[in-house]
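Chemist: here's a sequence, model it:
(one chain, ligands or ions: 1)
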Amino acid sequence: MLKIRLLLFLFCVSLQINAQHATRKSFNEGWKFKLDSIQTYSNTGYNDASWRRLNLPHDWSIEGSFSKDHPATPGGGALPGGIGWYRKTFTLPLSDKNKLIFIDFDGVYCNSEVWINGHSLGIRPNGYISFRYELTPYLKYGNEKNIIAVKADNSKQPNSRWYSGSGIYRNVWLTVSDRLHVDQWGTFVTTPKVTNQSATVHITTKIKNQYKSELPFILKTTIYTREGKEVARKDAKGKAGKDGVVSIDQSLSVTNPHLWSTEEPYLYQTVSEVLLNGKTVDVYRTPLGIRDFHFDINKGFVLNGKPLKIMGVCNHHDLGALGAAINTRALERQLEILKAMGCNGIRTSHNPPAPELLELCDKMGFIVMDEAFDMWAKQKNPFDYHLTWSQWHRKDLEDMILRDRNHPSVFIWSVGNEIQEQWGDISKGDTTGRGIARELVAIVKSLDTTRAITTANNETNPSNNLIQSGAFDMIGYNYNHQKWGNFPKDYPGKKFIVTESTSALQTRGHYDKVPFDTIRRWPEAWDKSLKDGNPDFTVSAYDHVSTPWGSTHEESIKELIKNEHVSGMYVWTGFDYLGEPTPYPWPARSSYFGIIDLAGFPKDVYYLYQSQFTNKPVLHLYPHWNWKVGDTVDVVVYYNNADEVELFLNGRALGTKRKEDNELHIKWRLPFEPGTLKAISKKDGKTVLTSAVKTAGQPAKIILQADRNKIKGDGKDLSFITATVVDRDGTLVPEANNQLKFSVNGEGFINAVDNGGPTSHESFKSNIRKAFNGLALVILQSNGKKGKIKVTAHGDGLLESTIEVDAN
Ligand code: GAL
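Modeler: Numbering: from 1, shown residues only. Next comes the predicted model:
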């Protein structure tokens, strides 16, 4: 018996940890696809033999060409929308005949309709929500074929303020279950009492009976450690009526619990087994993180008894050159880069995320603000969600909470970003925002009372209807960093979080010849275009340009550190994203806000965060050292774990500096002279780190470097390969923009290429890319076979380079 239970457990953990049935299987393979806005392809008889064959997840927009004339506009990424059709033919074994069959879509953008064997199962306008249909009544078994057809309609645009992607861009699953089973999202696990000695784990399990008679059953609930050891178990007897759902509450106790934290995100797992006549008919597993937290008026966020500043970032859902098509490794890479910077929080701006993001945040230790909406009933764009608000907001919000409430990484629910209903002409009696706020909070509270509920407000005055509603647990500010310190006076007795901050602007590797401390706010207002930008659409990567509503990175970090009552802040944004190309119009087509560019290459301010929020020794010296003789150059250094930094130019000592009180950087103003500029950080007179920038010569060769030289040969795993254009001594050539060409041999293919530049109109789906400020990226994907993969980079007049990646 013990062996069987252990096997069962191992089977469970081999899958990913999202609350779900153990029998859930991927349904991503073998779809047919066609873009067509005229004909309907829901009929079973239609011959789709000539359609393109593909595996999901799939985003058709990212495959298109950039044009300012696409209805999405550059704000939506300047890529095409349209209507796409997906069809899949499949068979089911006769042994499934008495079972229930469900299909789960993690997200389809947007306005989807799904048919099984010609029967419409329903529509779902919201492109970010997960949904399920039961297929059982319409299915055929044995040799007979079933046809599922999905229409995704992203033709009415603009419907988004950022790049949305189009199609079945998230995973699809097929679940086969007994007629007696744990309902969809049917568990809710909470930890009402946590001490170091013991934790109470409360589990509510919903059992659904789709048999034709009432049935008695046993529910066995077991908690396992990460290593698979059973630590608590409870059995309960129940009875479920015909077509009924019963709810069972159980409390289990875990002694000496291993607590979940951002540094050690320890995960338990709860396994719910349903037994009918002594036989296990269903197994459902739920992740469990044992942690205790609250938000405090004075101390901010408190996790497991200790105040913890949330140093988070907002991200949109696109994965740069991969578009919206979800890939777990691509997401994991983003989170690894963020974690190494000292980031410990993610805001899923401004929509429910892919479930994989939350699984990774559970495992890697991030404090997630899970956000539902970017607008309510009042629009931001003509075809956005406001059109379906009244019919769908309740269902969408409920489904988001039910799906995500078991993730230990979720600490905050946000029910809206910069909602238009904040305002309203009160003299005309427009207080709709208050009513909607109360309604949404009531919906969330009916499903989860353990997290704080907030909204992201750009109106911080008490007249804001959302704040006036009094419904929220915590007030969230977007921007307004000058007001954070005053919050306790402005809102006595209220809890506070910075839901969005900064919106500073930078192009990686470009520096204007303007003194570092000349702060510029661009554009002058959100609806004004830029008067004095650079003709090549670059923004200086010194930390001295921000939007007028935002701040420089240093300005907002200082306020975060200084004010104990600020629970944390989520910087806009961690990564650059497609769309919203502030401050420039077309030809810019992606954002400049990221601490990290679209290709995943850090900008200089990345190291400012790293020096403030990690213990890892940092010494970052910038800009590059390729200037004209006679130029005056501001040299900036971010460092930590040291008392001072000494600077040398071509071996000559230029003096030692240390950070002044209240400054997070040090700075020299130097006349340029070619050669080597070297910084040495010192503690108690001893060298901690050395860092140098050198004047580069002409581009001479390419260097390839992979984030991982070993990947899985599973058809999904990725290796991110950076191509650096260097001179003959191996120094990066800072403005190199050579055309590079990549070729692949062996068990992999190039999924996409990029260089992080926000104005390039080259296709991501290519093997050719220009370097941008010395760098380009190749995203190499396993083709499903095991073996070696060789990637070679060529460029005119450059020594080529080859790298080998093992897929196994
Ligand atoms: C905020 C908004 C974000 C993004 C950002 C750009 O006001 O919430 O979605 O538009 O501005 O600065």
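Chemist: in this protein, what residue is nearest the ligand?
Modeler: Residue nearest to the ligand within the chain (C-beta to the nearest ligand atom): residue 503, separated by 3.5 Å. (C-beta placed from N, C-alpha, C; glycine too.)
Chemist: thought that residue was touching residue 593?
Modeler: Yes - here residue 503 lies in contact with residue 593, judged by C-beta atoms under 8 Å, at a distance of 5.8 Å.
Chemist: find residues that contact each of these two.
Modeler: Overlap between the contact sets of residue 503 and residue 593, as judged by C-beta atoms under 8 Å, 6 or more residues apart in numbering, is given by 572, 582.
Chemist: stretch 558-578 vs the ligand: in contact?
Modeler: Yes - legend: contact between stretch 558-578 and the ligand by C-beta under 6 Å from any ligand atom is shown at residue 572.
Chemist: buried residues, that stretch. List them.
Modeler: Taking 16 or more other C-beta atoms under 10 Å as the basis for neighbour counts, the residues of stretch 558-578 that come out buried are 558-560, 563, 565-578.
Chemist: end to end, how far does stretch 32-45 reach?
Modeler: Distance between the two ends of stretch 32-45: 15 Å, counting by C-alpha to C-alpha, to the nearest Å.
Chemist: one more: stretch 75-94?
Modeler: Where stretch 75-94 starts and where it finishes are 50 Å apart, if you go by C-alpha to C-alpha.
Chemist: so for that stretch, mean pLDDT?
Modeler: Averaged across stretch 75-94, the pLDDT comes to 98.
Chemist: and what of stretch 605-616?
Modeler: Averaging pLDDT along stretch 605-616 yields 98.
Chemist: can I get the CA coordinates of it in CSV?
Modeler: C-alpha atoms of stretch 605-616 as CSV (Å, rounded to 0.1, in the frame of the first residue of the first chain):
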residue,chain,number,x,y,z
VAL,A,605,20.2,50.5,-14.2
TYR,A,606,19.9,46.8,-13.7
TYR,A,607,23.1,47.0,-11.7
LEU,A,608,21.8,49.9,-9.6
TYR,A,609,19.0,47.5,-8.4
GLN,A,610,21.5,44.7,-8.0
SER,A,611,23.8,46.9,-5.9
GLN,A,612,20.9,47.9,-3.6
PHE,A,613,18.8,44.7,-3.3
THR,A,614,21.3,41.8,-3.4
ASN,A,615,24.3,40.8,-1.3
LYS,A,616,26.2,39.8,-4.4
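Chemist: pretty sure residue 564 sits in a strand.
Modeler: No - the assignment for residue 564 (DSSP: H, G, I helix; E, B strand; the rest coil) gives coil, which keeps it out of a strand.
Chemist: in helices, which of the buried residues of stretch 558-578 appear?
Modeler: Among the buried residues of stretch 558-578, the subset assigned to helices under DSSP state H consists of 558, 559, 560.
Chemist: contact partners for the nearest residue to the last one once chain neighbours are set aside?
Modeler: Take residue 560 and drop its neighbours on the chain: the residue closest to it by C-beta to C-beta, 6 or more residues apart in numbering is residue 569, 5.1 Å away. Contact analysis of residue 569 by C-beta under 8 Å, 6+ apart lists 310, 311, 312, 497, 498, 500, 501, 502, 556, 560.
Chemist: in a markdown table: these, plus secondary structure and pLDDT.
Modeler: Formatted as a markdown table, the entries for the contacts of residue 569 read as follows, by DSSP: H, G, I helix; E, B strand; the rest coil; pLDDT from 0 to 100:
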| residue | secondary structure | pLDDT |
| --- | --- | --- |
| 310 | strand | 98 |
| 311 | strand | 98 |
| 312 | strand | 99 |
| 497 | strand | 98 |
| 498 | strand | 99 |
| 500 | strand | 98 |
| 501 | strand | 98 |
| 502 | strand | 98 |
| 556 | helix | 98 |
| 560 | helix | 98 |
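Chemist: name the nearest of these relative to residue 125.
Modeler: Relative to residue 125, the closest of those is residue 500; by C-beta to C-beta it sits at 25.6 Å.
Chemist: just give the number of residues close to that closest one.
Modeler: 30 (other C-beta atoms under 10 Å).
Chemist: those residues of the stretch 501-650 of the chain touching the ligand, which are they?
Modeler: Of all the residues in the stretch 501-650 of the chain, those in contact range of the ligand (C-beta under 6 Å from any ligand atom) are 503, 547, 572, 580, 582.
Chemist: the one helix or strand residue 453 maps to pairs with which strands?
Modeler: With secondary structure defined by DSSP states H and E, residue 453 is part of strand 452-457. When pairing is defined by DSSP bridges, strand 452-457 lines up against strand 410-417 (parallel), strand 475-478 (parallel).
Chemist: quick check: buried residues in the longest strand along the chain?
Modeler: For the chain, the strand that runs over the most residues, judged by DSSP state E, is strand 180-194. When burial is assessed from 16+ other C-beta under 10 Å, strand 180-194 yields the following buried residues: 180, 181, 182, 184, 185, 186, 187, 188, 189, 190, 191, 194.
Chemist: elements contacting it?
Modeler: The helices and strands touching strand 180-194, judged by 3 or more C-beta pairs under 8 Å, 6 or more residues apart in numbering; DSSP states H and E, are strand 198-209, strand 268-276, strand 279-288, helix 389-404.
Chemist: buried set for stretch 123-138?
Modeler: Under the neighbour-count criterion of 16+ other C-beta under 10 Å, stretch 123-138 has 124-131, 133-136, 138 buried.
Chemist: relative to residue 238, which of those is nearest.
Modeler: Checking the buried residues of stretch 123-138 against residue 238 by C-beta to C-beta gives residue 134 as the nearest, at 22.3 Å.
Chemist: beta partners of residue 148?
Modeler: residue 88, residue 116.
Chemist: in stretch 626-638, which residues are buried?
Modeler: Under the neighbour-count criterion of 16+ other C-beta under 10 Å, stretch 626-638 has 626, 627, 633, 634, 635, 636, 637, 638 buried.
Chemist: ok, the fourth one - contacts?
Modeler: When contacts are counted by C-beta under 8 Å, 6+ apart, residue 634 is found next to 515, 516, 542, 667, 668, 669.
Chemist: quick one: which of these sit in strands?
Modeler: The subset of the contacts of residue 634 located in strands under the criterion DSSP E comprises 667, 668, 669.
Chemist: who in the protein is up against the ligand?
Modeler: Close to the ligand, as judged by C-beta under 6 Å from any ligand atom, the chain has residues 161, 417, 418, 458, 478, 500, 503, 547, 572, 580, 582.
Chemist: most surrounded residue in those?
Modeler: The member of the residues of the chain next to the ligand surrounded by the most neighbours (other C-beta under 10 Å) is residue 500, with 30 neighbours in all.
Chemist: ok, that residue touching residue 349?
Modeler: Yes - counting by C-beta under 8 Å, residue 500 does reach residue 349; the two are 7.4 Å apart.
Chemist: which neighbours do those two share?
Modeler: By C-beta under 8 Å, 6+ apart, residue 500 and residue 349 have these common neighbours: 314, 417, 570, 572.
Chemist: so where do the helices sit in the stretch 401-550 of the chain?
Modeler: With DSSP state H, counting those that start in this stretch as the definition, the stretch 401-550 of the chain shows helices at residue ranges 432-447, 465-468, 487-490.
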